[in-house]
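**Q** no FASTA, just this:
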């Protein structure tokens, strides 16, 4: 069947302009009229029968009843690679499971369900949309065009998308953007008569497609044809716009966090921080070149995290302050500092995360685009069980969550469905400690964390800072802020989006911190799949131990429970 | 009509800039500009505004919303309020936020290097930042741009070709008759080390390590100058980069008689202790009773010299020029105002040097002849330049 597309045009719902998904797409304010909502489905059914089909569905809006151009609102694809490619072209896109059974195409992804009485909405995986049509297998030349002939019509409206990344000066409050004209490359488009009832939308708080479409599930027009693939986008002039109006204020609160961390020495760190030094080698006069970010310590931390509740500190409708999403994370972090060419001292100590994997597609999309975390999709396993975002087994969602330290494997995933390629990143073997009881955890105190003994090693200690300049300047800062909070520094865009790169400085503030240094030896086995992002490859290539199996004795690995707040800084603040 | 805010108008240098505004306005020199006085002290602003018939706005740099609100009504802000460590970053950030160009008369190297971190942000907002638009940086910077243009012409370099220089040295004649603000800035900016440039990058050398004798008066009586933390080093590096020049060394010197040199070196040794809050407060208490600065008569009697020496990559002397100027404070008033007037029309945005903005090229002709040439043009009226026969570039 190769590559094909199906386009369905619907009337918008009466409250379409108020839908949260439309607001979050950033196009609402620029659209004077809203005459149609368009659902378009793209299929790449590869010639290789062993390779699963690539599906992408895009919801967009049009100012004309018969679309001349489409303003992209929300998209789902069943392949992470496609998501990243579409995101680079300015689509708001998340991973989902897209499967066809007979006339039905079902789309499952992460969404916020309606709030149960008196309770917040918790992001979960589930059915979002079902598209029902008998056109999936229809031969193209059997479908008559509206004129009654088989002559293909010219139907190829481009997508208007919004590419954006934080502004260098005010990464917390302003975004640089470009409007793009992205053409899907439709060919041999033929209009379809009376396609019948097509759409079944689930009742969802966000993305609230029901608000966008109302009860309109019968298309007013439909096309199908061949799809040649996305063609190069035509960008507009770059412009700046306030972040708050589209994505809400960049202030987040994370509760019920659990962390299992492992400290590992490295041979070298230069490659791990090279993305922070994007300013080097530029010819333009206004790029400061007289400093480098360098790793402060030859120790990296590999951490496994479970966020119980991730929330916006201030939220825009349709969200309320208590609505939340859970997720797992695997990350690599290290301490970096800014070193001016002519000084032997470092400043602006911060944590930098060169590699990070999550199982929450919304966190991945927003984190990559707006916060500079190079997030990739991952699956977290406990033995044979795949874990959901909340730590419960996917196959047994009613059971209690599996304790975080019982996660055994982390895979990099190209999607959620069974056909998606998986590449193992990490095998974890922690001694069987208590199953989440709080007895092991203690509030950190000076005696615990300043004691320079192996049995009670804290995440960072003075002797971790080999280079004198770091010891002199900010080792003390790191140590004193260790459990009160810390600064972070990331770079955005994380991909090849052609917008100016910017440092994204932020602050984590910790609270309710409790720590445990479990007894026993933990081991990690790192894998280096070819598709792994650079940060992971550099970690793998610079491990001090010759083997890819790392051993952690008591004190070298730890467990933490805490809450955190994350805020980003404005470069023009005083 | 371009609107310029002069912040720090009631300080010694700010007052002189305000009087320069009045004089040039009376001469019909600023028909398209309105200059408004700004500062913290409403009573003194009112007094000065009434005397000079200029509007004024009183505000402090504590309230960001107020500062943003004020600057948003202006095209340019001149920051004459030292110490610039306290005012420079605040005003520059507010200026970028409000799309207002920023000009200061900062002489503190540390502040200059904090401000130049804002270059990309300023470029992003189409704002121009000019730091060091007073004496001596403006004078040396203009001379350097003239010299580079001349050398490129002599060497027949194309626009894309890079020019290699062995050393650029700036030297300033004795500047002991200072204002209270300058003394305060000087005391605060004394460090153990001096910033110089090696191979187009900043490095530090200990105070006292670099001393040279310079011919300040076209006589055989050469006088010793010691390397110092002058903004001239920074502006020279920026101008060199802008003009595609690779330079082995950039150093700035101030003439210092022996007792001053000894005091300077002792001050550098004690700089760490002098920065302790108690000692610093004590030092600043001793500075407080000093007079505002030299009075008009003293300024009239004062002449300064700024030397520029350029060596080839093989250490051959290529350029040896000397500008003689009126009092440093009078020159500062003229250069700061002229940079502020011209900054809105500069070709580029972002981080600029004074010579970028003044755009006074080409160099005066006849500099191979050791006779003073009057510069005459604003802001260098009453200034003359002397060149000396030097080796012609091969």
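**A** Perfect, I can see it now. Just so it is clear, the model here is predicted, and its values are computed rather than measured. Numbering: from 1, shown residues only, chains lettered A, B, ... in the order given.

**Q** where in the stretch 251-394 of chain B is pLDDT low?
**A** Residue ranges of the stretch 251-394 of chain B with pLDDT under 70: B:361, B:389-394.

**Q** how about the helices in it?
**A** B:258-269, B:271-274, B:277-287, B:296-301, B:328-342, B:354-358 (DSSP state H, counting those that start in this stretch).

**Q** Could you point out which of the ones you listed sits nearest chain A?
**A** Taking Cβ to the nearest Cβ, helix B:354-358 is the member of the helices of the stretch 251-394 of chain B nearest to chain A, at 9.7 Å. Every C-beta, even on glycine, is put in place using the N, C-alpha and C of the backbone.

**Q** excluding its backbone neighbours, what's nearest residue B:299?
**A** Spatial nearest neighbour of residue B:299, chain neighbours left out: residue B:327 (3.7 Å); criterion: Cβ to Cβ, 6 or more residues apart in numbering or on different chains.

**Q** and the one you found, what does it touch?
**A** Residue B:327 is in contact with B:294, B:298-300, B:302-304, counting by Cβ atoms under 8 Å, 6 or more residues apart in numbering or on different chains.

**Q** ok, 10 Å please
**A** B:16, B:135, B:175, B:177, B:293-294, B:296, B:298-304, B:333, B:382 (Cβ atoms under 10 Å, 6 or more residues apart in numbering or on different chains).

**Q** quick one: it and residue B:339, what's the gap?
**A** Computed as Cβ to Cβ, to the nearest Å, the residue B:327 to residue B:339 distance reads 18 Å.

**Q** Up against chain B, what does chain A have?
**A** A:167-170, A:174, A:176, A:238, A:240, A:279, A:282-291, A:338, A:340-344, A:500, A:502, A:570-574 (Cβ under 10 Å from any Cβ of the partner chain).

**Q** which of the residues you listed are buried?
**A** Among these, those buried by neighbour count (16 or more other Cβ atoms under 10 Å in any protein chain shown) are A:167-170, A:174, A:176, A:279, A:285-291, A:338, A:340, A:342-343, A:500, A:502, A:570-572.

**Q** Restricted to strands, list those residues.
**A** Using DSSP state E, the members of those that fall in strands are A:174, A:176, A:291, A:338, A:340, A:502.

**Q** So which of those residues is the closest to residue B:111?
**A** residue A:340 (14.5 Å; Cβ to Cβ).

**Q** Was I right to think the closest one contacts residue A:292?
**A** Yes: between residue A:340 and residue A:292 there is a contact at 8.5 Å, judged by Cβ atoms under 10 Å.

**Q** what is in contact with the two at once?
**A** residue A:346.

**Q** The helix or strand hosting residue A:262 pairs with which strands, parallel or anti?
**A** When elements are assigned from DSSP states H and E, residue A:262 belongs to strand A:251-265. Taking DSSP bridges as the criterion, strand A:251-265 sits next to strand A:299-312 (antiparallel), strand A:557-568 (antiparallel) in its sheet.

**Q** ok, back up a step: give me the buried subset of the contacts of residue B:327.
**A** Buried subset of those (neighbour count, 16+ other Cβ under 10 Å): B:16, B:135, B:175, B:177, B:293-294, B:299, B:302, B:304, B:333.

**Q** List the ones among those residues that fall in strands.
**A** Per DSSP E, these map to strands at residue B:304.

**Q** I'd like to know how far residue B:352 sits from residue B:98.
**A** As judged by Cβ to Cβ, residue B:352 and residue B:98 stand 18 Å apart.

**Q** Looking at these two, which one has more neighbours?
**A** Each of residue B:352 and residue B:98 has its neighbours counted (other Cβ atoms under 10 Å in any protein chain shown); residue B:352 has more, 28 against 19.

**Q** Please verify my assumption that that one contacts residue B:241.
**A** No: using Cβ under 10 Å, residue B:352 is not in contact with residue B:241, being 12.0 Å away.

**Q** what residues are shared contacts of those two?
**A** residue A:285.

**Q** Remind me which helix or strand residue A:23 belongs to.
**A** helix A:20-25.
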